[in-house]
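Asker: Sequence first, predicted coordinates after that:
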Amino acid sequence: MVKSLTSVGNSKALIIPAELIKKYGLEKVIIEETTNGILIRSANEESNFQKKLNNLRKYKSEIYSKMELEAREPEVINYYSDPKNNLSDVDLEIL
């Protein structure tokens with residue numbers, strides 16, 4: 001998206017479209033200098049890790065119930081009974 005800067009007194013302002021403000025919940029922004037220019041992002045933005053963690057907390061009971069049911073399945077028991085298989089095989093996409 002290409003935008004023009006607007007003069008405001010002795011400064012310049014960037015008008016951010018309302019749909020982007022709503023989409024990203026912008027109230028405050030962080031402006032960072034990068035090697036490629038500037039980066040504007042929400043000051044309220046949670047990291048992807050924090051979003052995933054909050055989602056896990058939100059559905060903790062359901063996740064534990066599902067894990068308990070799956071842990072009783074013969075296929076799962078056989079898989080993890082084999083010493084060469086370990087928790088590093090867990091599909092992280094389920095988180």
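Answerer: Happy to help now that I have it.

Asker: Got the domain ranges for this structure?
Answerer: Here the domain parsing of the chain from automatic domain parsing is 5-42, 48-94.

Asker: and the ones you listed as JSON lines, adding mean pLDDT?
Answerer: What follows is the domains of the chain, written out as JSON lines (pLDDT from 0 to 100):
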{"stretch": "domain 5-42", "mean pLDDT": "92"}
{"stretch": "domain 48-94", "mean pLDDT": "83"}
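
Asker: Using a markdown table, lay out the ones you listed together with mean neighbour count.
Answerer: In this view, the C-beta of every residue, glycine as well, is placed from N, C-alpha and C. Putting the domains of the chain into a markdown table (neighbours: other Cβ atoms under 10 Å) gives the following:
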| stretch | mean neighbour count |
| --- | --- |
| domain 5-42 | 10 |
| domain 48-94 | 9 |
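
Asker: Show the pLDDT at residue 95.
Answerer: In this prediction, residue 95 carries a pLDDT score of 57.

Asker: got it, and residue 3?
Answerer: We have a pLDDT of 93 for residue 3.

Asker: Test my guess that it contacts residue 20.
Answerer: No - the pair residue 3 and residue 20 fails to qualify as a contact (Cβ atoms under 8 Å) at a distance of 10.3 Å.

Asker: Tell me who's in contact with the residue most central in space within the chain.
Answerer: Nearest to the geometric centre of the chain sits residue 48, at 2.3 Å (Cα atoms, centre = their mean). By Cβ atoms under 8 Å, 6 or more residues apart in numbering, the contact list for residue 48 is empty.
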